[in-house]
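Engineer: quick one: sequence plus predicted model below, questions after.
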Amino acid sequence: MNLFTEIRTLVLSSLDKLTAQGVLPAGLDFANVTVEPPRDAAHGDMATNAAMVLAKPAGLKPRAIADALAATLSEDERIADAAVAGPGFLNLTLAPSLWQSVIAAALAGGRDFGRSAMGQGSRVNVEFVSANPTGPLHVGHTRGAVFGDALSALLDFSGHEVTREYYINDGGAQVDVLARSVYLRYLEALGQKVAFEDGTYPGDYLIPVGEALKAKVGDAYVGKGEEHWLDEVREFATDKMMALIRADLAALGITMDVFYSEKSLYGSGRIEAAIEDLRGKGLIYEGTLEPPKGKKPEDWEPRVQTLFKSTEHGDDVDRPVKKSDGSWTYFAPDIAYHYDKVTRGFDALIDVFGADHGGYVKRMKAAVSALSDGKTPLDIKLTQLVRLFKNGEPFKMSKRAGTFVTLRDVVDQVGPDVTRFVMLTRKNDAPLEFDFDKVLDQSKDNPVFYVQYANARVHSVLRRAAEAGLAAPDAPDLSQITHEAELAVAKKIAEWPRLVEIAARTHEPHRVAFYLYELASEFHALWNRGNELPQLRFVQEDEAASQAKIALARAVSVVISAGLGILGVTPLEEMR
């Protein structure tokens with residue numbers, strides 16, 4: 001039940017009536033007519049821009065349209081008041097029965113209340129994390145992991161068919177460095193003294209990998225040149241690191257549907273096929289790029305290269321796909337990988353990158369546009385840095401990792417639920433401060449606690465009701481929900497289905513976290529008013545009144561549970 005959609009339908013039918021009556025000219029396009037919450041709640045429950053957007057094409061003054069529309073809408077029993085404001089804004093106040101019906105709809109729908117068919121089963125690939133398999137996930141990966149998983153859940157909740165995917169960057173030079181670092185730990189496990197030179201990975205997390213290699217091959221690689229062990233150690237080390245990464249993701253409650261290996265593209269003909277597809281479209285040529293202004297990128301050469309005409313699909317400059325020595329640039333396998341996504345038949349692609357990949361956005365969008373003939377949209381979401389604090393100071397580096405704070409460092413400190421919620425308390429492209437002290441603080445300033453506390457309060461009400469022997473009928477008499485504080489909670493519940501669709505359409509799961517905080521605020525406000533006004537308390541002497549008020553509390557829990565489910569957070573029934 002989306003009450004905003006219902007009232008918009010009513011507005012559109014009223015506009016059709018005005019057209020039939022000759023008040024409005026025929027043929028007007030109503031696509032831009034909206035029904036939204038007013039900027040100021042004192043103005044009403046909903047507002048429509050109909051008069052403002054139709055005035056010019058209708059050749060009428062907005063006020064004239066608004067007055068006529070207000071009169072027509074007022075004939076419907078669902079509209080308690082339709083007031084024209086300013087030059088032609090129309091504010092609507094709804095009958096209390098509509099807000100009461102929202103409570104019933106939430107209880108009937110359970111955690112599926114607000115679930116939308118907006119996606120119509122469209123297939124969406126969400127690629128996220130995709131960290132180099134050279135060590136454990138760090139705190140930056142944590143934010144991207146939580147964002148990608150919550151976005152996937154949000155899209156699923158709004159009717160899309162979602163594939164969660166991890167691209168394993170196991171085809172570059174970094175995995176050779178990993179293999180050499182593991183080899184050093186292997187020698188160390190055999191009792192040799194080793195030194196980690198610049199460019200190797202010194203983290204303690206490789207100690208058990210070196211020991212495992214020793215257990216597998218004994219001293220077979222000792223004193224041997226790289227040509228004897230590099231390939232085998234690289235594969236062994238990559239497998240071990242991916243097992244570590246899978247365990248890190250599992251600690252956050254994240255399971256990927258697909259792990260796709262970059263290495264699998266090489267020697268398979270898939271890179272060549274992708275480039276040939278672009279060549280067949282006239283988008284591959286041999287040429288020399290102009291030297292870029294400022295710092296030169298690694299893939300620029302002052303000589304003839306094989307280039308992709310990415311400028312024909314919105315990029316700033318054309319991009320090399322093959323170097324002058326005949327080897328592929330790092331961009332070529334990424335093109336092939338996205339070509340594979342396109343050929344798998346996804347209706348839309350979403351890539352979640354760290355903020356340091358901002359310069360990669362235009363070229364990747366250009367590639368997908370070219371490969372799909374503009375039919376498959378690619379949205380690239382960048383996640384900004386996370387700044388960690390503890391005891392008022394920046395959180396120190398992890399000794400285990402050697403150079404960074406790991407995902408496990410964070411989860412071990414505060415748990416997965418707090419980690420996930422806090423990572424979604426800012427929009428993905430805004431920096432985020434994660435203060436270990438504040439995220440565990442039990443106050444209104446801590447959104448994790450505030451939302452969980454609201455749900456726990458609901459369950460305390462349910463326990464008291466059960467102790468009092470109060471039944472919870474399927475259809476309580478909700479006409480007793482009339483106080484402004486109670487209706488404020490019902491109105492916030494009514495926003496949930498609309499919020500889901502907006503958040504899914506904009507690919508912004510942080511909106512769910514913001515909304516849950518607002519819903520919790522309304523519920524806590526009602527709870528506190530009950531301390532002053534006994535008639536607002538959830539358990540009353542009158543059984544019917546109690547059942548209605550308890551139904552409102554249950555509806556709050558339904559929505560909080562659904563929202564936390566999207567965020568990947570377990571709703572608490574009691575505070576720990």
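Structural biologist: Arrived safely.
Engineer: in what element of secondary structure is the residue most central in space within the chain found?
Structural biologist: When Cα atoms, centre = their mean is applied to the chain, the residue found nearest the centroid is Leu151 (2.8 Å). If you go by DSSP states H and E, Leu151 is part of helix 139-157.
Engineer: Pro38 now?
Structural biologist: Using DSSP H and E, Pro38 sits in no helix or strand.
Engineer: helix or strand for the nearest residue to it once chain neighbours are set aside, which one?
Structural biologist: Distance criterion Cβ to Cβ, 6 or more residues apart in numbering; nearest residue to Pro38, sequence neighbours excluded, is Ala47 at 4.2 Å. All C-beta spots, glycine's among them, are computed from the backbone N, C-alpha and C. Using DSSP H and E, Ala47 sits within strand 46-48.
Engineer: can you list contacts of that strand?
Structural biologist: Residues from elsewhere that reach strand 46-48, judged by Cβ atoms under 8 Å, 6 or more residues apart in numbering: 4, 7-8, 11, 33-39, 69, 89-92, 94.
Engineer: and what of stretch 188-195?
Structural biologist: Leu184, Arg185, Leu187, Ile207, Gly210, Glu211, Leu213, Lys214, Asp219, Val222.
Engineer: can I assume the second one sits in a strand?
Structural biologist: In other words, Arg185. No. Using DSSP: H, G, I helix; E, B strand; the rest coil, the assignment for Arg185 is helix, not a strand.
Engineer: tell me the contacts of it?
Structural biologist: By Cβ under 8 Å, 6+ apart, Arg185 lies in contact with Val194, Leu206, Ile207, Val209, Gly210, Glu211, Leu213.
Engineer: and the last one, by the same measure?
Structural biologist: Contacts for Val222 were tallied using Cβ under 8 Å, 6+ apart; they are Leu187, Leu190.
Engineer: what do you get if the cut-off is 10 Å, keeping everything else the same?
Structural biologist: Contacts for Val222 (Cβ atoms under 10 Å, 6 or more residues apart in numbering) come out as Tyr183, Tyr186, Leu187, Leu190, Gln192, Lys214, Trp229.
Engineer: over to the fourth one?
Structural biologist: Contacts were defined as Cβ under 10 Å, 6+ apart; by that measure Ile207 touches Val182, Arg185, Glu188, Ala189, Arg400.
Engineer: specify the local secondary structure of the third one.
Structural biologist: Looking back up the chat, that one is Glu188. Per three-state DSSP, the secondary structure class of Glu188 is helix.
Engineer: what is the burial count for it?
Structural biologist: 17 (other Cβ atoms under 10 Å).
Engineer: returning to that earlier point: look up how far Glu433 lies from the nearest residue to the residue nearest to the centre of the chain once chain neighbours are set aside.
Structural biologist: In space, and not counting its chain neighbours, Leu151 is closest to Pro509: 5.0 Å by Cβ to Cβ, 6+ apart. Taking Cβ to Cβ, to the nearest Å as the measure, Pro509 falls 19 Å from Glu433.
Engineer: pick out whichever of these two has more residues nearby.
Structural biologist: Pro509 (28 against 13).
Engineer: what's the pLDDT at that one?
Structural biologist: Per-residue pLDDT puts Pro509 at 98.
Engineer: so it makes contact with Phe147?
Structural biologist: Yes. In this structure, Pro509 is within contact of Phe147 by Cβ atoms under 10 Å, at 6.7 Å.
Engineer: number of nearby residues for the closest residue to Asn391 other than its chain neighbours?
Structural biologist: Spatial nearest neighbour of Asn391, chain neighbours left out: Asp437 (6.7 Å); criterion: Cβ to Cβ, 6+ apart. Asp437 has 11 neighbouring residues, counting by other Cβ under 10 Å.
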